[in-house]
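Q: coords below, sequence missing:
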């Protein structure tokens with residue numbers, strides 16, 4: 001997230017009415033609906049600004065790409081995270097917003113913005129799915145990867161149509177990657193990346209699947225197809241520049 005985009009996102013958090021502006025996040029023309037949309041870190045009634053439907057992936061995902069540079073206010077972020085993990089989503093969103101507005105250069109401000117968007121997008125009656133997702137993240141943060149994996153799979157079984165389902169899938173893909181399960185990581189990632197998912201995590205899932213394809217020693221042409229799909233469907237994604245470089249390297253190798 002570049003400084004300008006980050007500043008505007010923080011302003012939107014401070015002034016919620018900006019979310020309803022027709023062109024608030026129209027940085028690039030939206031891809032055709034059939035191409036899918038993006039969503040995204042690892043991550044609350046329904047959102048007034050349905051980001052997944054508005055193609056706002058430039059302000060989400062691997063938000064450390066252009067990270068701020070100090071840690072002042074970390075206690076406020078942790079307090080917001082405790083509220084989130086406890087299922088107190090309205091209070092958590094308000095606390096994350098205050099943190100982002102008061103400490104715009106904190107290393108965690110992008111994560112706070114992402115968490116507010118996650119809360120706004122995925123609230124449903126009762127918030128049961130979102131509460132289980134928050135619990136899943138708490139387990140993972142505590143280093144309990146196996147328990148987090150079980151919680152994610154339980155969530156997908158109990159709430160197969162929940163708005164948060166693709167975040168669980170992406171979380172499972174990340175955890176599979178971390179334990180060296182390349183096949184599992186690709187399988188979960190491709191569910192998120194499918195054009196019908198319309199998940200804002202899709203470009204990140206495509207890159208993860210491409211990276212894991214290379215890591216497991218598969219034909220580089222397979223990874224190339226995944227990277228090219230990312231560039232074609234999400235040309236404004238913050239992942240696009242490094243992925244273009246990867247594509248060029250793979251093409252060079254294939255020509256040798």
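A: Received, thanks. Please read these numbers as outputs of a predicted model, since none were measured by experiment. Numbers count the residues shown, from 1 in each chain.
Q: okay, CA-based contacts and neighbour counts for the rest of this
A: OK.
Q: Spatially, what comes nearest to residue 162 if we skip its sequence neighbours?
A: Distances taken as C-alpha to C-alpha, 6 or more residues apart in numbering place residue 129 nearest to residue 162, at 6.6 Å, with adjacent residues excluded.
Q: Would you quantify the distance from that neighbour to residue 75?
A: Residue 129 is 27 Å from residue 75, where distance means C-alpha to C-alpha, to the nearest Å.
Q: Compare these two and say which is more crowded by neighbours.
A: Taking other C-alpha atoms under 10 Å, residue 129 and residue 75 do not tie; residue 129 has more neighbours (23 against 11).
Q: Toward the C-terminus from the least confident helix or strand in the chain by mean pLDDT, list the very next helix or strand.
A: Using mean pLDDT, DSSP states H and E, helix 51-54 stands out as the lowest-scoring helix or strand of the chain, at a mean of 32. Downstream of helix 51-54, the first helix or strand assigned by DSSP states H and E is helix 74-85.
Q: Show me what the next helix or strand after that next one packs onto, helices and strands only.
A: On the C-terminal side of helix 74-85, the nearest following helix or strand under DSSP H and E is helix 89-102. Using 3 or more C-alpha pairs under 8 Å, 6 or more residues apart in numbering; DSSP states H and E, the elements in contact with helix 89-102 are helix 3-14, helix 74-85, helix 109-122.
Q: mind checking how far the helix or strand just after the longest one is from the chain centre?
A: Spelled out, that is helix 109-122. Once helix 109-122 ends, the next helix or strand along the chain (criterion: DSSP H and E) is helix 128-141. Distance, stretch centre to chain centre, for helix 128-141: 15 Å (C-alpha atoms, centre = their mean, to the nearest Å).
Q: Can you give me the buried ones in helix 128-141?
A: 128-140 (16 or more other C-alpha atoms under 10 Å).
Q: Would you format those residues as JSON lines with distance to residue 95 and pLDDT included?
A: As requested, the buried residues of helix 128-141 are exported to JSON lines (distance: C-alpha to C-alpha, whole Å; pLDDT from 0 to 100):
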{"residue": "128", "distance to residue 95": "21", "pLDDT": "96"}
{"residue": "129", "distance to residue 95": "21", "pLDDT": "97"}
{"residue": "130", "distance to residue 95": "18", "pLDDT": "97"}
{"residue": "131", "distance to residue 95": "17", "pLDDT": "97"}
{"residue": "132", "distance to residue 95": "20", "pLDDT": "97"}
{"residue": "133", "distance to residue 95": "19", "pLDDT": "97"}
{"residue": "134", "distance to residue 95": "16", "pLDDT": "96"}
{"residue": "135", "distance to residue 95": "18", "pLDDT": "96"}
{"residue": "136", "distance to residue 95": "21", "pLDDT": "96"}
{"residue": "137", "distance to residue 95": "18", "pLDDT": "94"}
{"residue": "138", "distance to residue 95": "17", "pLDDT": "94"}
{"residue": "139", "distance to residue 95": "21", "pLDDT": "95"}
{"residue": "140", "distance to residue 95": "22", "pLDDT": "93"}
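Q: now, among those, which is nearest to residue 159?
A: Nearest to residue 159 among these, counting by C-alpha to C-alpha, is residue 129 at 6.4 Å.
Q: So in the chain, which helix runs the longest?
A: helix 240-255 (DSSP state H).
Q: Please state the mean pLDDT value computed over that one.
A: The average pLDDT for helix 240-255 rounds to 92.
Q: where are the low-confidence patches of this protein?
A: 1-69, 256 (pLDDT under 70).
Q: Since that was my last question, I'll sign off now.
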